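**Q** Return atomic coordinates for the entry below.
(chains A and B)
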Amino acid sequence: MRMSRQFVQNLAISCALLACPNWLFGQKDPGVRGGIQNTGGGLQQQGIPIPHPPVISRNPTTGETINENELKSFIEGILRAGQLESTCDDCADVTDGSPVIGMGELDPVFPQFHTNSNGLGARHNSDQCFSCHAQPTLGGSGGFLVPNPGDKTPHRAENPQFHLIPHRYGRQNVVPSFEHRFGPIREVRFRRKPDGTADGGVHQLWTVRGSTNDPTIPNCALTQPDFEKEYKAGNLAFRIPLQMTGLGLIESIQDREILAQHDATAAMRAPLGIVGHPNRSGNDGTITRFGWKAQNKSVTIFAGEAYNVEMGITNEAFPTATEEDPDCQGPEKPEPNDVVRTDNNESRNQDFDNPLHILPDWQQFQILMRFTDGPAPVANPSESAKHGRTLFSDIGCGLCHTPQMQTAPVMNSAVLQNRPVNLFSDMFVHHMGSKLADDITQGQAGGDEFRTTPLWGVGQRIFFMHDGRTADLLKAIDEHFSSATPRHPASEANEVVHKFHGLSPIDQQAILDFLRSL
Amino acid sequence: MAVIETQLSTVHTTRYAAQVRADLYLPFVIAIALLAWVQSSSAQTMPDFRRTLAVTSAETVTLDVDVAVGELQVSYGRDGEVSIAASARSSAPGGIADGFFSAVLRIEQSGNHIKVHTSELAAPEERISVLYRIDVPYRTELTSKVKSGKQVITGILGPVDAVTNKGDIKAAYISNALEAHVGRGNLDIQVIGGHVDAITDGGNISCARLPQGVSAEAGEGDITLMVVGPTIAVVRKGTGRISVGGARGSFTGSTDKGDIYLKAIPHEDWQLSSASGNVRLELPPSAKFELEASTKTGEFQFDRDDITRPKANDLQIRQAINGGGKRIVVHTESGGIVIR
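**A** Next up, the predicted model:
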């Protein structure tokens, strides 16, 4: 018995010693920079509003700043993107132009709890832009929100898709099992249609059925797709919200710059098996660059599409609804819902002879995105992060995650032209192998191809990869590795991931520290 | 020989070409040199002054600015910092002295309370133009005074209290209340979430999208209002006019000799009066209201079928239009009253 106890003690000590190097030197994702408590939902929990998106900074090359009109349009964009959508003109809590609360229909305090706009689609993923773009600031990527910040004992910030959005105003949605309370905000695409042919489109999570604030659709009986069945059948592909910050700068990079940067690394990429190609517009052949597969050409297209796909709000760019069930679209919801209003009467123009309210929301969104600054890295990175920056290039991460590009030399907006963009992306799509593949083709991006995600701002993102499969940066790096399968080639990142794992734990940690400094 | 001739010819040609180039270039060189000299003597730009102050997100930033001479811009920039930039240009022969901003500008910070003052003694002369640009977090309260120069305030929470003795004030996208007072200059105000008090002694007032309303008082300038909540608009004297489109709340307006023009739906009661100016109202055909119009010596003109024309010599009219609704009271001493 005594021997046995001694043996157990020795075994425990031995195990502890064996674990010691990992404990001492094991690399670890430092986590969201500043801590989750200092970003979007964390601030809300402390009673502090989520910060507004940053205005584009002074042009470091020319010294130009955003001009007065651009700034006003940018701020108008914030106000419009903060609006909570109602389903009809007459059932919004705050009628257009009404001086009821704050700025009336344009309330700068987010999140808003009074519907102050109209057009929410019969099917939708959200009812506010910022509910899915609030990490670490409004306009950021997906994060957590406090569902009831006005309460004396507010909830902890959580995934707004878990309760807030699906059940707002009594809407009778069943929350699918893949939306977790503290998990990523996920939208869903189906890989295949019931007949087995390719689908690839977004299937909105929620319907307006049961809305207590809309008397015009009492017979709406829309049901959600059977997400659980499709989930079990492996037919779902998830996407998480991308940050909207710095998109104007990315849009301002010429195709020739993207191609030149790519060509400059050809000799270094070749032995690593990194190829990639741009996704291109089917019409004009130019490089498309927004979205997880670089499927969208411009922030304007992005804004119009997102308004229709994510919120079901039709507009000039996407004028027809994804769900046209007449029982769920009342008479007070003329199509397209959000258009340039020029009619000279109140019912069509939201105000009698109001020449000011002429830009529709979706166009204000594109202005907001265009003039939101790129994420700023830490001003004084640690020695480890500085070391990690060098290693990041040495092992080849920077061959796809191109650290910097330059915007066009002459642009309509002086603040955007001729300035560096520290995006950490080549804007190309690359084969990532079967592990990440979602088997969805968008433009020239195939089933396992994804755009090199810009890494600026990665230091304050919570979830990683297109489907938000991990919140751990180290695991995210590993997810870049995938062997060849009969269906998909090997990931183009494999050799670089090998090199990463060939580094000492201290060097690996340095790269993680560098990434969290971005 | 032929070779030598060719060489000589080449040398000659080269010399000639050089001479031609010199002849052509010389005026350009002189012109550029002159231009550079003129520019350097007429306007010397100081290197920018820049300072960034860290502030916390937990509290509102309180910013006090007192500028003697120069343009002041206060704008939303980003959370967590206050960025102060200044630049100066001079048309004086001596240019701008080294250390100009260190002598002129004083910045104090105590937590989230920041004061920016320009020294009275070291205030720039007339021939120096100075621009102060302060980028602030959205949650900023502002008190600003400029003795001579323009103010542009954009995109902050507020409240804002802005005073300029001589120069315009432009304020837009302020979420809380705004008080703006200009001595000699104009006021241009757009999209304010709180109530607005706008006073100018000798300029015009232009306001748009003020859902919580405005009290606008012009000494003798024009007042133009678009889409406003409860409003009081007064032009004290002279020919200053009041023009309103989209009045959302109650409206009270008065002028001396200037006209009043109002185009809106009567959501609340209106009261309009002018001494010798005309009052012209434009309402949708379906608008419901109670009209009370009177004049001492002026004339009525009704371009609507639903208003009964007054008898000759009648100086007042009282009528319910489309079944009646909010009260519209109009009075002039000698000006006409036109309703369309």
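**Q** contacts, neighbours, all on C-alpha from now
**A** Will do.
**Q** when you scan stretch A:408-427, is anything in it near chain B?
**A** No - on the criterion C-alpha under 8 Å from any C-alpha of the partner chain, stretch A:408-427 is out of touch with chain B, staying 13.8 Å away.
**Q** what distance separates the start and the end of that stretch?
**A** End-to-end distance for stretch A:408-427, by C-alpha to C-alpha, to the nearest Å: 15 Å.
**Q** average pLDDT across it?
**A** Here stretch A:408-427 scores 97 as its mean pLDDT.
**Q** mind listing what's buried in that stretch?
**A** Neighbour-count burial for stretch A:408-427, counted by 16 or more other C-alpha atoms under 10 Å in any protein chain shown, picks out A:408, A:414-427.
**Q** tell me the contacts of A:Cys328?
**A** The contact partners of A:Cys328, taken as C-alpha atoms under 8 Å, 6 or more residues apart in numbering or on different chains, are A:122, A:208-209, A:217, A:219-222.
**Q** coming back round to it: out of the buried residues of stretch A:408-427, flag the one nearest to chain B.
**A** A:Val415 (13.8 Å; C-alpha to the nearest C-alpha).
**Q** correct me, but the closest one touches A:Thr61?
**A** No - if you go by C-alpha atoms under 8 Å, A:Val415 and A:Thr61 don't touch, sitting 9.5 Å apart.
**Q** For the nearest residue to A:Leu84 once chain neighbours are set aside, what are phi and psi?
**A** Leaving aside its sequence neighbours, A:Leu84 sits nearest to A:Thr115 (C-alpha to C-alpha, 6 or more residues apart in numbering or on different chains; 4.7 Å). Dihedral pair for A:Thr115: phi -70, psi 130, per degrees, to the nearest 10.
**Q** is it true that A:Thr115 touches A:Gly82?
**A** No - A:Thr115 lies out of contact with A:Gly82 (C-alpha under 8 Å); the separation is 10.4 Å.
**Q** Among those two, which residue is more densely surrounded?
**A** A:Gly82 (25 against 20; other C-alpha atoms under 10 Å in any protein chain shown).
**Q** Neighbours of B:Gly325, how many?
**A** B:Gly325 has 17 nearby residues by other C-alpha under 10 Å.
**Q** Report the separation between it and B:Pro266.
**A** Distance, B:Gly325 to B:Pro266, using C-alpha to C-alpha: 8 Å.
**Q** Quick check: neighbours shared by the two?
**A** Joint contacts of B:Gly325 and B:Pro266 (C-alpha under 8 Å, 6+ apart) are B:288-289.
**Q** From the contacts of A:Cys328, list just the buried residues.
**A** Among the contacts of A:Cys328, those buried by neighbour count (16+ other C-alpha under 10 Å) are A:122, A:208-209, A:217, A:220, A:222.
**Q** can you name the two of these that are farthest apart?
**A** Largest separation among these by C-alpha to C-alpha: A:Ile217 and A:Leu222, giving 10.8 Å.
**Q** you'd agree A:Gln128 is up against A:Ile78?
**A** No - A:Gln128 is beyond contact range of A:Ile78, at 11.6 Å (criterion: C-alpha under 8 Å).
**Q** domain assignment for chain B?
**A** Following automatic domain parsing, one gets these domains for chain B: B:2-41, B:43-155, B:177-340.
**Q** average pLDDT for the second one?
**A** Right, the one you point to is domain B:43-155. Domain B:43-155 comes out at a mean pLDDT of 87.
**Q** and it, how far out from the chain's middle?
**A** Centroid displacement of domain B:43-155 relative to its chain, using C-alpha atoms, centre = their mean, to the nearest Å, is 19 Å.
**Q** burial count for residue 114?
**A** Unless you meant another one, I'm taking chain A. 16.
**Q** um, chain B though
**A** 19.
**Q** Kindly report the same for B:Thr143.
**A** Neighbours around B:Thr143, by other C-alpha under 10 Å: 17.
**Q** Much appreciated, bye for now.
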